[in-house]
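Asker: When you get a sec, could you give me coordinates for this:
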Amino acid sequence: MFVGRDHELQQLKTRYDRKNYECIIIYGRRRVGKTALIREFCKGKKTIFFTGMETTARENLENLSQSIYEANGGEGRAPVYRDFEAAMEAITDMARREKIILVIDEYPWLAGSYPGISSLLQVEIDHHWKDLDIYVILCGSSMSFMEKQVLGHESPLFGRRTAQLKLQPFTIFEARKLFPHISGEDLALYYGAAGGIPLYLSQMDGNKKVEANLIANFFDPTSYLFEEPANLLKQELRDPATYNAIIQAIAEGNTKLSQIASKAGIEVSACAGYVRNLMDLDIIKRETPLGEKNSRRSIYLLKDGLFRFWYRFIPRSYSLIQNGMGETAYRRIEPGLSDFMGQVFEEICLQWLWKQNREGRLPTPFDQAGRWWGTNPHTRKQEEIDILATGEDQMLLCECKWRNEDTDIDTLETLLRRGNLFEGKKSYILFTKRNFSQRTIRKAKEIENLRLVSYEEMI
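Answerer: Modelled structure (predicted):
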């Protein structure tokens, strides 16, 4: 079942309806749903759908020939074009007769087997396709390749695209469409463990309890998600053991580059290169306090939710899981799930804020949002703002609490005190998993520009 991606589908459709040359670059991390999106969009439309393979140029040419042949109604085995130039000429002839969509999925693999493909497409676009009603989609999972070798200014295809779409994981609101009947708390836990990746979310059974789903998907050595992080590292990187050590170091709370390098047992200079590659894959991210450009204050965190969950809970129980004691392993990590969900809840709150911002539901719109941390000049202690959003003339400060008990007044007072670290006009939102205590509610009524928001209200 295809759900979500309404905005992306509308963007693709709007350009399709223009009835002229279009070249859309679609990219994003593996498993995020790029191919599913493209197939959904292409339903009912004349399409040449070709998927590049990590193989020889000859075999890719054979597969492209087959795709062209089938798009023309051919059955059985297709005759093979003499070269890629001839295949492109055949596509051009089709486009002269009728509107077609040309999809090249896994474009980096095709380019790896036949490096001249980008130059060939450039010639075809410049000499023929720009004057035809043809809709080209180039798609790839290697984000560094797509950004540098396809979108980059040194690429032969530079200037030939008409749009680009970097596909992101689902938001919590899109994930809700997969599980319309489960509780909000269960949804959040599935979302956090799967990192919003549609394929991972689809492994969860909405008719089972959370415990059963997590045990079946993460604490069973035969399950798909148990092997997924290792498989992704092997597919994408040459030295998976070193990358594994770096990810594990970050999962254990080492956020500075020097700390990560020390924990992983490698030189800082070498570690920087590994970290960049993991950032290219959207597995880790670098954060700097919002509004600051000092890179020395940057920290590195796991961005991918599946990796964050897996590396936090699985390694410590690996032997138990491999020996069929997954339920025992789950019992050991279960008390740590609430703490794990803290960062997930912050991400959900941020998604809600951007949604409210887009829909004009906030008193003052903001331009940017993120975490902030720094030293309180009065107490000399480190302070942190879960979400700081800034606009032209006002800032919004938010605290996010994922706790099983009611959020009490001390949390509100802490948020207000931290607001004193900033000059200018301010407003506040206090987010909570459950409810607010009565004295928190009474106090909030006395404060202008303060809003209390529960998770239930958000979703």
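
Asker: can you list the domain ranges for the protein.
Answerer: 6-166, 172-338, 362-458 (automatic domain parsing).

Asker: Let's have those domains in JSON lines, adding mean neighbour count, mean pLDDT and distance to Leu350.
Answerer: For the C-beta atoms, the positions are set from N, CA and C on the backbone; glycine is no exception. Putting the domains of the chain into JSON lines (neighbours: other Cβ atoms under 10 Å; pLDDT from 0 to 100; distance: least, Cβ to Cβ, whole Å) gives the following:
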{"stretch": "domain 6-166", "mean neighbour count": "17", "mean pLDDT": "97", "distance to Leu350": "18"}
{"stretch": "domain 172-338", "mean neighbour count": "17", "mean pLDDT": "95", "distance to Leu350": "10"}
{"stretch": "domain 362-458", "mean neighbour count": "16", "mean pLDDT": "95", "distance to Leu350": "6"}
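
Asker: Looking at those, spot the one closest to Gln351.
Answerer: Set against Gln351 and scored by Cβ to Cβ, these come closest in domain 172-338, at 5.9 Å.

Asker: May I have the distance across that closest one, first residue to last?
Answerer: By Cα to Cα, to the nearest Å, the extent of domain 172-338 from end to end equals 17 Å.

Asker: so who does the spatially closest residue to Leu337 that is not a sequence neighbour touch?
Answerer: Closest residue in space to Leu337, ignoring its immediate chain neighbours: Leu189 at 6.9 Å, by Cβ to Cβ, 6 or more residues apart in numbering. Neighbour list for Leu189: 210, 214, 337, 341 [criterion: Cβ atoms under 8 Å, 6 or more residues apart in numbering].

Asker: Next step: those restricted to helices.
Answerer: Taking DSSP state H, the ones among those that sit in helices are 210, 214, 337, 341.

Asker: The third one and Phe309, how far apart?
Answerer: Distance of Leu337 to Phe309, computed by Cβ to Cβ, to the nearest Å: 9 Å.

Asker: Show the contacting residues for Arg29.
Answerer: 141, 143, 197, 281-282, 304.

Asker: doesn't Leu165 fall inside a strand?
Answerer: Yes. Counting by DSSP: H, G, I helix; E, B strand; the rest coil, Leu165 is part of a strand.

Asker: That one bridge partners, please.
Answerer: For Leu165, the beta-bridge partners under DSSP bridges are Ile26.

Asker: you'd agree it is up against Gln10?
Answerer: No. In this structure, Leu165 is not within contact of Gln10 by Cβ atoms under 8 Å, at 11.6 Å.

Asker: if we can go back for a sec, next, give me the two most distant ones among the ones in helices among the contacts of Leu189.
Answerer: Most distant of the ones in helices among the contacts of Leu189, by Cβ to Cβ, are Leu214 and Met341, 12.5 Å apart.
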